Structure formats: C-alpha cells, structure tokens
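A.B. asks: no sequence on hand, only this structure:
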C-alpha cells in the first residue's frame, strides 16, 4: 500500500504563498496611492479652475489697523469705500455675491479703493464661525497670500449656507492650502494665531461705526464717514462715480 504524505504548505511552497500575499498588498497600496494622488490632483485642478481672479489687485494689512486695504497696483487716490461685513451675516453673503465681481472690476480699473472692515459681532462673546473665518483671513494676508485670502473670503460668503458653523480651523487651513497658501500661513490658521487680532479688528470697527452713526451693523458701506447713498446693492457704481 502506498502512503502519500500530506505536506505542510509552509514548508516549501509556503514562501511562494507569502510572497504572493506581499505582492497583492503592494499592488493594492499602489492602486490606493494612485487613486489618492489622482484625486488630489483632480481636487487641485478643480480648485484652480474655480478660483476668482485677483490679478492687478493689491491686498495689504498693517496689524495695528482695523481694515484690509484693496486697491489697484499703484493706485492710492481713488474714492475709498469702507465695507463692513461678517461671515455669519446672510445679508453680507448676499451683498458679496451681488457686488464682488463688479468690485474687483472697478478695483482693477483704479476707479475705487476698498477698506474691508470685517466684524465678528454675530459670534457674541464666543469664538464662533465669524471669528474663525476672520482669523483665517488675517493669517493669509499677514503671510502675504492675497489670492488665497480673497478666495477663502469668497468661499465663505458664496457658500455661507453650507459652511456656517460646519467648518473647523483645520478645514479652513486645508482649504487655504488648496488655494496655494504657504505652509506657514496654513499652520497659523490651524494654531488660531490671529483669533485675538480678529476680535480686536471687530471691536475697532464696531466702535468706529458707533462713533459716527450711534450704532453698528453689517453689511454696511460708508464713504467719508457716512453711509453710501442709494441702494446698498449699487454701492460700487455709487462710489466709482462719486
């Protein structure tokens, strides 16, 4: 009678079996890596395609000031508008959607200058959505990232209903990175570096409005210390033609 010995698969062919498993894992890792890289490239391409054009516009902020200055390169004598806004204010979002494109056009033409005067009053005494958004905005302009700053502002205004109180500092940092922000600026957003500056800016702008008009609100556009005449949706033409 012939007896056939059953071999342990780990004795001879086991090594091949193990290498096969290793190969499968390596292929799977490669596929996942390609999907991740392609997905990242696709996201970056989509972000780049949807970025607003900020060419020809300078963005500046001195940390002692309560405004972010927007102007055409080399222009410092155009009519100046003060735009008060809050990332939690739905009317501010509506105004941005209605007038930002025209604002950028007139800025490039040197027809107007704008002092963005952000506020966080709708957060009350807490560091909420408005404070988070403004702190991220200041981190970008402080690190000389004007395109990322203006695109982050645009995103928070245009998509306000979807992002209000649903984003974190890390979300905004990731978004800023997608807009091309530097590692330093991105880390400043994650670290909440400009929260105090955001609060100080808001308080300064509230005080300024109260001194001029007795009360403060957003959205508001002022020229020479007075509310812009006519409908606020027409503020860009009103200022450009003043």
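C.D. replies: Nice, I can see it. Keep in mind that what you see is a predicted model, and the values were worked out from it rather than measured. Numbers count the residues shown, from 1 in each chain.

A.B. asks: show me the contacts for the most centrally placed residue in the chain.
C.D. replies: The centroid of the chain falls nearest to residue 152 when counting by C-alpha atoms, centre = their mean (1.8 Å). When contacts are counted by C-beta atoms under 8 Å, 6 or more residues apart in numbering, residue 152 touches 133, 136-137, 140, 172, 175-176, 179. C-beta here means a position set from N, CA and C on the backbone, and glycine is covered the same way.

A.B. asks: for my notes, confirm it occurs in a strand.
C.D. replies: No: in this structure, residue 152 is helix, not part of a strand, as judged by DSSP: H, G, I helix; E, B strand; the rest coil.

A.B. asks: if I look at it, how far off is residue 103?
C.D. replies: Plainly put, residue 152 is 16 Å away from residue 103 if you go by C-beta to C-beta, to the nearest Å.

A.B. asks: same question, residue 30
C.D. replies: Residue 30 is 48 Å from residue 103, by C-beta to C-beta.

A.B. asks: the two: which is more packed in?
C.D. replies: residue 103 (22 against 10; other C-beta atoms under 10 Å).

A.B. asks: what's the average pLDDT for the helix or strand where the more buried one lies?
C.D. replies: Using DSSP states H and E, residue 103 sits in helix 90-108. For helix 90-108, mean pLDDT is 98.

A.B. asks: what's in contact with that helix?
C.D. replies: Counting by C-beta under 8 Å, 6+ apart, 52-57, 70-72, 85-86, 112-114, 153-154, 157-158, 160-161, 218-219, 232-233, 235-237, 239-240 sit against helix 90-108.

A.B. asks: in helices, which of these appear?
C.D. replies: Here DSSP state H is the test, and these give 153-154, 157-158, 160-161, 235-237, 239-240 as lying in helices.

A.B. asks: please pick the buried ones from the residues you listed.
C.D. replies: The neighbour-count test (16 or more other C-beta atoms under 10 Å) applied to those identifies 153-154, 157-158, 160, 235-236, 239-240 as buried.

A.B. asks: so which of these is the closest to residue 194?
C.D. replies: residue 153 (14.1 Å; C-beta to C-beta).

A.B. asks: doesn't residue 134 make contact with the closest one?
C.D. replies: No: taking contacts as C-beta atoms under 8 Å, residue 153 lies outside contact range of residue 134: 9.4 Å.

A.B. asks: could you pull up the residues touching residue 89?
C.D. replies: With C-beta under 8 Å, 6+ apart, residue 89 has these contacts: 122, 218-219.
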